[in-house]
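Student: sequence-free structure coming up:
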């Protein structure tokens, strides 16, 4: 995204949470496309690390127990 150009907003309605003895959070989420893309990139990196850790554990490069 360009620094001079404002990011597009991405309002979303999410499923309500089941709560107990507290006020539930809002079901309306407002974020930018850039924020959502950044979260996607982070999620993708974490998943790649999990897969790499799993492969190393199966190759016996990680000793002990590896909870993935």
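Tutor: Arrived safely. Keep in mind that what you see is a predicted model, and the values were worked out from it rather than measured.

Student: please count neighbours and contacts with C-alpha atoms only from this point.
Tutor: OK.

Student: which SS class is residue 35?
Tutor: Secondary structure, DSSP: H, G, I helix; E, B strand; the rest coil: residue 35 is helix.

Student: what's around it, how many residues?
Tutor: Using other CA atoms under 10 Å, residue 35 has 13 neighbouring residues.

Student: could you number the chain from 23 rather than 1 from now on?
Tutor: Happy to do that; since the first residue is 23 now, the last one works out to residue 57.

Student: buried stuff in stretch 32-43?
Tutor: Across stretch 32-43, burial judged by 16 or more other CA atoms under 10 Å covers no residue at all.

Student: need the contact partners of it.
Tutor: Contact with stretch 32-43 is made by 46-55, as judged by CA atoms under 8 Å, 6 or more residues apart in numbering.

Student: what do you get if the cut-off is 10 Å, keeping everything else the same?
Tutor: Contacts with stretch 32-43, where a contact means CA atoms under 10 Å, 6 or more residues apart in numbering, come from 46-58.

Student: tell me which two in those residues are the farthest apart.
Tutor: Farthest apart among the contacts of stretch 32-43 by CA to CA are 46 and 56. That separation is 26.8 Å.

Student: can you name every helix or strand that the helix or strand containing residue 66 contacts?
Tutor: Using DSSP states H and E, residue 66 sits within helix 55-80. Helix 55-80 makes packing contacts with strand 31-35 when contacts are defined by 3 or more CA pairs under 10 Å, 6 or more residues apart in numbering; DSSP states H and E.

Student: higher neighbour count, residue 46 and residue 56?
Tutor: residue 56 (14 against 11).

Student: count the residues that sit near the residue nearest to the more buried one when sequence neighbours are not counted.
Tutor: Residue nearest to residue 56 in three dimensions, not counting chain neighbours: residue 29, with 6.6 Å by CA to CA, 6 or more residues apart in numbering. Counted with other CA under 10 Å, residues neighbouring residue 29 total 14.
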